[in-house]
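Engineer: Next comes the sequence, and after it the predicted model I'd like to discuss.
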Amino acid sequence: MANRGLHEFTVQEATNVDAFVDWNYQTIEMTDETANTVTAITKENPAKKVVIYNKPGQEGTYLDVTDVITLTINGEAAPKEILIANTDLPFTLTGLLITSLTLTSSAGEAGDHISILSFH
C-alpha cells in the first residue's frame, strides 16, 4: 500500500477504520507554551479517534476561556496544526490514522489540566 493514495482502501479496510480494539486515557498538565505529547499514540499504535476534553469534576483545573490549544497531528516536517479554543471542548478528531499528537496551550498555568481519550 506504500504506492497508493490515502483514500484507496478496500471495503474491508474502510470498515475496519471504525472498529476499535483498544482505548487509552491520559491527563496532561497544560503549562504555558510547553509541548505535551500524548504517550499512548504512536506509529506502532495509531489512534483512529481522539476526544479532548476538560476532565469532569475537576473545578479550578480547567484552562481559561481565553486559552487557545494548538494540536500538532502526525508531527511531520510541515506539521498539520489545529487551533481550538477552550470553549470548543470537547473536541473530537476522527477519520484519519493519528500516529502522534502534541498539545500546546497559549497561556496555560501550572495546575491546568486537559484529558485525552484515544481509541485504537
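Structural biologist: All right, it came through fine. Residues are numbered from 1 along each chain as shown.

Engineer: so who does L71 touch?
Structural biologist: 52, 81-84, 93, 101-103 (Cβ atoms under 8 Å, 6 or more residues apart in numbering). (Each C-beta comes from the backbone N, C-alpha and C, glycine too.)

Engineer: what would those residues look like in CSV with pLDDT?
Structural biologist: Shown next, in CSV, are these (pLDDT from 0 to 100):
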residue, pLDDT
I52, 92
E81, 80
I82, 84
L83, 87
I84, 88
L93, 90
L101, 91
T102, 90
L103, 88
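
Engineer: I'd like to know which of those residues are buried.
Structural biologist: 52, 93, 101-103 (16 or more other Cβ atoms under 10 Å).

Engineer: Dump those residues into JSON lines; add distance to L117 and secondary structure as well.
Structural biologist: Formatted as JSON lines, those follow (distance: Cβ to Cβ, whole Å; DSSP: H, G, I helix; E, B strand; the rest coil):
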{"residue": "I52", "distance to L117": "8", "secondary structure": "strand"}
{"residue": "L93", "distance to L117": "11", "secondary structure": "strand"}
{"residue": "L101", "distance to L117": "12", "secondary structure": "strand"}
{"residue": "T102", "distance to L117": "17", "secondary structure": "strand"}
{"residue": "L103", "distance to L117": "13", "secondary structure": "strand"}
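
Engineer: which of those residues lies closest to N36?
Structural biologist: N36 lies nearest to L103 out of these, by Cβ to Cβ, at 5.0 Å.

Engineer: which residues does the closest one form a beta bridge with?
Structural biologist: N36, L71 (DSSP bridges).

Engineer: does it really touch M30, like I thought?
Structural biologist: Yes - using Cβ atoms under 8 Å, L103 is in contact with M30, at 6.9 Å.
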